[in-house]
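# Attaching a predicted model along with its sequence, questions to come.
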Amino acid sequence: MKENYNEILSENSIIPTKRMKLRKFTIEDADAVYEYGSDEETLKYLTWNGISDREAAKKVIIDFYSNDGVYALELNDTKQCIGCIDLRIDEDHEKASFGYVLNRSYWDHGYMTEALTAIFELSFRKLNLNRVEATHYIGNEGSGKVMKKCGMRKEGLAIQEFKIKGVFHDVVHYGVTKEQWSGFRIRN
Ligand SMILES: CC(C)(COP(=O)(O)OP(=O)(O)OC[C@H]1O[C@@H](n2cnc3c(N)ncnc32)[C@H](O)[C@@H]1OP(=O)(O)O)[C@@H](O)C(=O)NCCC(=O)NCCS
């Protein structure tokens with residue numbers, strides 16, 4: 001049965017995890033968004049071209065980050081916003097995809113695995129979606145590792161699927177159904 005996705009998302013605008021709080025962005029996060037949105041290394045495998053000043057960061061927050069389903073990752077210890085994860089629901093097919101980005105100073109500490117795990121709890125337990133899917137470019141294997149650690153399965157490779165910033169990229173497709181994820185949760 002299809003749920004009222006908008007209602008459930010707005011009821012879940014704050015999601016606590018072990019070390020973080022997933023919450024809505026505010027304009028006060030502009031410096032944090034600027035920090036990761038202006039870092040070349042962070043942008044390398046994103047379709048997003050990034051931003052070159054704090055005003056642009058504010059515009060990103062107002063234009064793109066104010067929707068339900070877009071979460072700032074706030075560290076409990078420092079209250080710093082260290083990244084973003086956003087869930088994009090496709091109502092017709094009762095599925096969702098997502099995107100994520102983390103400030104480079106915080107890479108490789110398990111933060112995105114923790115955030116994505118919370119997003120799967122939301123997707124399957126609360127939104128009752130049937131499937132969650134995502135892609136990453138060849139070369140960005142760290143992203144694939146996060147997906148796999150959260151229970152997603154590699155489903156295929158599309159050769160030169162996207163032309164980004166002038167370069168054709170091979171794209172790895174990952175997905176997980178509610179049934180597969182439930183089994184994964186039991187095993188882990
Ligand atoms: C991809 C990204 C979100 C990963 O976040 P993260 O918090 O560093 O990931 P985690 O710490 O949860 O890592 C999970 C696993 O992936 C591994 N990993 C993370 N980044 C890696 C990298 N660049 N290369 C190889 N492995 C990597 C970790 O070592 C960990 O493996 P382990 O459990 O065996 O130790 C982060 O690197 C990022 O923001 N990159 C830039 C934006 C981006 O590419 N977004 C994804 C677009 S598809």
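Received, thanks. Bear in mind that the values here come from a model prediction, so they are computed numbers and not experimental data.

# so Trp48 sits in a helix?
No: secondary structure of Trp48 (DSSP: H, G, I helix; E, B strand; the rest coil): coil, not part of a helix.

# Now do the contacts for it.
By CB atoms under 8 Å, 6 or more residues apart in numbering, the contact list for Trp48 reads 37, 101. Glycine gets a C-beta too; all of them are placed from N, C-alpha and C.

# One more: the one 5 residues further on?
Taking CB under 8 Å, 6+ apart, we find Asp53 in contact with Tyr34.

# Next one: Ile164, what pLDDT does it get?
According to the prediction, Ile164 has pLDDT 84.

# who's in contact with Ser13?
Per CB under 8 Å, 6+ apart, neighbours of Ser13: 23-24, 68.

# what do you get if the cut-off is 10 Å, keeping everything else the same?
22-24, 68-71 (CB atoms under 10 Å, 6 or more residues apart in numbering).

# How many residues are close by the closest residue to Lys18 other than its chain neighbours?
Spatial nearest neighbour of Lys18, chain neighbours left out: Glu114 (6.2 Å); criterion: CB to CB, 6 or more residues apart in numbering. Number of residues near Glu114 (other CB atoms under 10 Å) recorded here: 17.

# and Glu114, what element?
Here Glu114 sits within helix 111-120, counting by DSSP states H and E.

# by contact count, what packs against that helix?
strand 15-16, strand 20-23, strand 70-75, strand 81-90, strand 95-102, strand 131-137, helix 141-149, helix 178-187 (3 or more CB pairs under 10 Å, 6 or more residues apart in numbering; DSSP states H and E).

# What strands line up against the third one, and which way round?
Just to be clear, that refers to strand 70-75. strand 20-23 (antiparallel), strand 81-90 (antiparallel) (DSSP bridges).

# follow-up on the earlier one: can you give me every residue that contacts the residue nearest to Lys18?
With CB under 10 Å, 6+ apart as the criterion, the residues that contact Glu114 are 17-20, 22, 73, 146, 150.

# give me every residue that touches Lys163.
His169.

# Provide the secondary structure category for it.
strand.

# now it: how far from Asp170?
12 Å (CB to CB, to the nearest Å).

# Perfect, I'm done here.
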